[in-house]
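Chemist: show me how the following folds:
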Amino acid sequence: MYHRIHIFGASGSGATTLGQELRRQLPHVLMDGDDYFWIEKYTRPREPKKRLELLKEDLSRSPQWILTGAVCGWGDELRSAFDRFADGETN
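Modeler: Modelled structure (predicted):
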């Protein structure tokens with residue numbers, strides 16, 4: 001079983017919907033990249049350093065999680081933490 005799954009996609013692409021469905025079937029915590037990117041959704045972005053800090057803190061709290069959405073650029077250092085990617089690539 002994969003413990004750290006990243007389903008990536010831009011806002012509106014269905015990544016969160018897929019993550020929610022997987023969450024119903026797996027014992028994983030679900031986190032959405034948009035919740036870290038935005039202070040106020042789609043209006044006020046959070047500083048990249050703060051986004052990463054908050055996300056890393058939450059990821060460290062659970063051994064099994066699903067992260068949805070794009071974290072490209074600001075979350076690149078997390079790539080090695082993912083067991084499984086939406087595109088089928090594994091680490």
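
Chemist: which element is C72 on?
Modeler: Using DSSP states H and E, C72 falls within no helix or strand.

Chemist: so it versus M1, what's the distance?
Modeler: The gap separating C72 from M1 is 26 Å, by Cβ to Cβ, to the nearest Å. Just so you know, the C-beta spots here come from the backbone N, C-alpha and C atoms, and that holds for glycine as well.

Chemist: same question for G14.
Modeler: For G14 relative to M1 (Cβ to Cβ), the value is 23 Å.

Chemist: same check, this time on Q20
Modeler: When Q20 is compared with M1 (using Cβ to Cβ), they lie 19 Å apart.

Chemist: those two - which one has more neighbours?
Modeler: Q20 (13 against 9; other Cβ atoms under 10 Å).

Chemist: confidence score at the more buried one?
Modeler: The score at Q20 is 95. That number is its pLDDT.

Chemist: how about the secondary structure of it?
Modeler: helix (DSSP: H, G, I helix; E, B strand; the rest coil).

Chemist: for it, which non-adjacent residue is closest in space?
Modeler: L30 (6.5 Å; Cβ to Cβ, 6 or more residues apart in numbering).

Chemist: what does the pLDDT read for the one you found?
Modeler: L30 is given a pLDDT of 97.

Chemist: show me what it is bridged to.
Modeler: Beta-bridge pairing for L30 (DSSP bridges): I66.

Chemist: who are the contact partners of the nearest residue to W65 once chain neighbours are set aside?
Modeler: Nearest residue to W65, sequence neighbours excluded (Cβ to Cβ, 6+ apart): V29, at 4.6 Å. Going by Cβ atoms under 8 Å, 6 or more residues apart in numbering, V29 touches 23, 61-62, 64-66.

Chemist: and the two most separated of those residues?
Modeler: R23 and R61 (15.6 Å; Cβ to Cβ).
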